[in-house]
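Colleague: Predicted model follows, preceded by the sequence.
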Amino acid sequence: MFKYILRRLFMLPLVMIGVTFFLFFLTQRLSPEMRASLYIQDPRQMGSLEEVIQKYGLNDPMPVQYVRWLKKAAKGDLGYSESANMPVISALKAYLPATGQLAVAAMVLVVFFGLWLGIVSAVKKESITDNLIRLGVLAGFSLPIFVLGLLLLMVFYGKLGWFAPGEYSFSADMIIHSANFKTYTGLLLIDSLLNLNFYVFFDVLKHLVLPAVTLCIGSFALMVRVMRSSMLEELGKDYVRSARARGLSNWRVIYKHAGLNAMIPAVTLAGIQFIRLLGGTVIVETVFDYPGIGRWGVACAQQLDIAGIMGFSLMVAVLFVLGNLAADILYTALDPRIRLK
Amino acid sequence: MTELLRVENINKSYVSGSAWGGIKTQVLKNINFAFNKGESYGLLGPSGCGKSTLARLILALEKPDSGKIFIEGQDIFSLNSKELKQLRKKVQPVFQDPYASLNPRMTIEEVLSEPFIIHEEKPVNTVLKKLLSQVGLAETSLEKYPHEFSGGQRQRIAIARALTLNPKLIVADEPLSSLDVSVQAQILNLFADIKEEYGLSLVFISHDFALSKFLCTRVVVMDKGTIAEEGPAENVILHPQSTAAQTLLKAVLPLGIQGGGNV
């Protein structure tokens, strides 16, 4: 098990190199002049384009330039993000916690409510509850997240004024940036608790509701559907029947016997869905003006912020590998038939 | 002799299809039979004749549309949940597919302990080991998981589990049909042994006359949800009266396993 984790972590640099190499190749499709213009702040300096190309070696063969980028990256220097107005590393540090918070909140919704609704739907098969759940699942599948996001904003912000976009309100902003508020993790939900500031905690939580719901909807629907069918299969197996015949109470049969076994396929799915969520943040954060790496990634792409794009993709690749690894580990915890080697 | 099981006028139907209106199929029609303590009953019939449904009803896993089932004089469908839990100690199942009948997440120790825990008894390690040796498995099997055993071994575990609460009746729903022939014989002998040793009764469901004859004193032949024939095992096998029993016998005769009968 330990060896397996080590080997998977060893794969991490390889994935990172693969992803960045491919992206670097794509950015090289831009002319050296276009790339050089990124280094120039003032239009009056445009005459020095040639100088910049020479200075940064933008005309060198692609592998040479890539190795140069790699060497710098290995030292922790990912360049300067024009769109964020700060070094890429600082931008990641500033934006990642917000996205992390959002993705975890969405994942909690997917896993807890998704599994639970799947179980309920299977246990009450073909009842009104089941049919309602299935109808909701179908709706969840059919709604593109940008449509759902805008709809939710229209109703809950525009009409009702309950949930505002952004990461926190103006008053919470004042507290967060005051001297008394200490930053521990960068995750505002946790930091506000550590500061014992419940006003900020609930403010941040309130701002999480709409983006998290929007982000999770597709994965949520899939999770319910997979859990339902997996649960139906387990409920029909003889070990469930024999547990009943032994006199085990109904809910224990459902959760302890059938539920845990039915979760095995659902959990594998959760790993993949976590990655899908990260992709979804790009849209959701833009719709809800949520200051995470997704929104930053969009800005990078729009402004041809090459250093930013590279940094963003690198981060997503790392999260991708770690997400899959977490799913694998969870998988062994649930299924004794699987031993990782 | 005291009566152990009485099945009275049992009717059962299932609705198949969607929730918006399905087709009702009657699976069991007016089933009646009874037997005494220590006797064993073979339930025979082709697939789809309602044997397994009847088994689930005897195990009180499902309710009939009408009719009653008595175990030691108790009407099992009129019991409250507490009484039903007590009754479950007396009737235990062994199912057909040993790959589906054990929870893959539980070690054998957990599998065998669970019945005790459900009934608020303490599982004693020596008792579990004794159960294992009774069904011919090593004591070291306790900490293993079901996937580490073969089909026959798993069926032995399922039998050991059925024995944990000292039942009076074991309902075995085609316990041999997913095992290969050499293993079938071993498990058949195991059933015969435990029947003797625990003095328990069997409801042995199968579609194989030879196997039922080995274990059962009486047989019931079922066909399309009704009882086609009922009587002492010897009689039914040697002189089948109903067409259902005759077809069933013919289906196995060409293999040459059967002793009597006319080809």
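Modeller: Now that the structure is in, tell me what you want to look at.

Colleague: Which strands and helices lie in contact with the host helix or strand of A:L260?
Modeller: Applying DSSP states H and E as the criterion places A:L260 in helix A:260-287. Contact analysis of helix A:260-287 by 3 or more C-beta pairs under 8 Å, 6 or more residues apart in numbering or on different chains; DSSP states H and E lists helix A:88-108, helix A:114-123, helix A:145-152, helix A:198-235, helix A:293-302, helix A:306-334 as its packing neighbours. C-beta: built from backbone N, CA, C; applies to glycine.

Colleague: What mean pLDDT does that helix get?
Modeller: Regarding helix A:260-287, the rounded mean pLDDT is 86.

Colleague: Helix A:145-152 and that helix, what's the angle between them?
Modeller: 70 degrees (axes from the mean of the first three to the mean of the last three C-alpha atoms, to 10 degrees).

Colleague: hang on, the earlier thing: could I get the helices and strands packed on helix A:260-287 as CSV with mean neighbour count, distance to chain B and mean pLDDT?
Modeller: Formatted as CSV, those follow (neighbours: other C-beta atoms under 10 Å in any protein chain shown; distance: least, C-beta to the nearest C-beta, whole Å; pLDDT from 0 to 100):
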stretch, mean neighbour count, distance to chain B, mean pLDDT
helix A:88-108, 21, 23, 90
helix A:114-123, 22, 13, 93
helix A:145-152, 17, 28, 90
helix A:198-235, 22, 9, 90
helix A:293-302, 21, 37, 90
helix A:306-334, 19, 7, 84
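
Colleague: Any idea which of those gets closest to B:G136?
Modeller: Ranking the helices and strands packed on helix A:260-287 by proximity to B:G136 (C-beta to C-beta) places helix A:198-235 first, at 29.2 Å.

Colleague: Just confirm B:K12 is within a strand.
Modeller: Yes. Looking at B:K12 with DSSP: H, G, I helix; E, B strand; the rest coil, it is inside a strand.

Colleague: Let's verify the closest residue to it other than its chain neighbours: helix, strand, or coil?
Modeller: Setting aside the residues directly before and after it, B:K12 is nearest to B:L28 in space (C-beta to C-beta, 6 or more residues apart in numbering or on different chains), at 4.2 Å. Of the three states, B:L28 takes strand under three-state DSSP.

Colleague: ditto for B:T25
Modeller: What three-state DSSP gives for B:T25 is strand.

Colleague: Chain A contacts on the stretch 101-250 of chain B?
Modeller: Contacts of the stretch 101-250 of chain B with chain A, taken as C-beta under 8 Å from any C-beta of the partner chain, map to B:101-105, B:107, B:114-115, B:118-119, B:145, B:147, B:158, B:161, B:165.

Colleague: Just the buried residues from those, in PyMOL please.
Modeller: A single PyMOL command selects the buried members of these (16 or more other C-beta atoms under 10 Å in any protein chain shown):
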select buried, chain B and resi 101+102+103+104+105+107+114+115+118+119+145+158+161+165
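
Colleague: For stretch A:135-150, output the C-alpha coordinates as PDB.
Modeller: Presented in PDB, the C-alpha positions along stretch A:135-150 are these (Å, rounded to 0.1, in the frame of the first residue of the first chain):
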ATOM      1  CA  LEU A 135     -36.800  13.300 -12.400                       C
ATOM      2  CA  GLY A 136     -34.400  15.600 -10.500                       C
ATOM      3  CA  VAL A 137     -31.400  13.500 -11.700                       C
ATOM      4  CA  LEU A 138     -32.600  13.900 -15.300                       C
ATOM      5  CA  ALA A 139     -32.900  17.600 -14.800                       C
ATOM      6  CA  GLY A 140     -29.400  17.800 -13.300                       C
ATOM      7  CA  PHE A 141     -28.000  15.900 -16.300                       C
ATOM      8  CA  SER A 142     -29.800  18.200 -18.700                       C
ATOM      9  CA  LEU A 143     -28.900  21.600 -17.300                       C
ATOM     10  CA  PRO A 144     -25.600  23.000 -18.500                       C
ATOM     11  CA  ILE A 145     -23.800  24.600 -15.500                       C
ATOM     12  CA  PHE A 146     -23.600  28.000 -17.000                       C
ATOM     13  CA  VAL A 147     -27.400  28.000 -17.600                       C
ATOM     14  CA  LEU A 148     -28.100  26.700 -14.100                       C
ATOM     15  CA  GLY A 149     -25.600  29.300 -12.600                       C
ATOM     16  CA  LEU A 150     -27.300  32.200 -14.300                       C
END
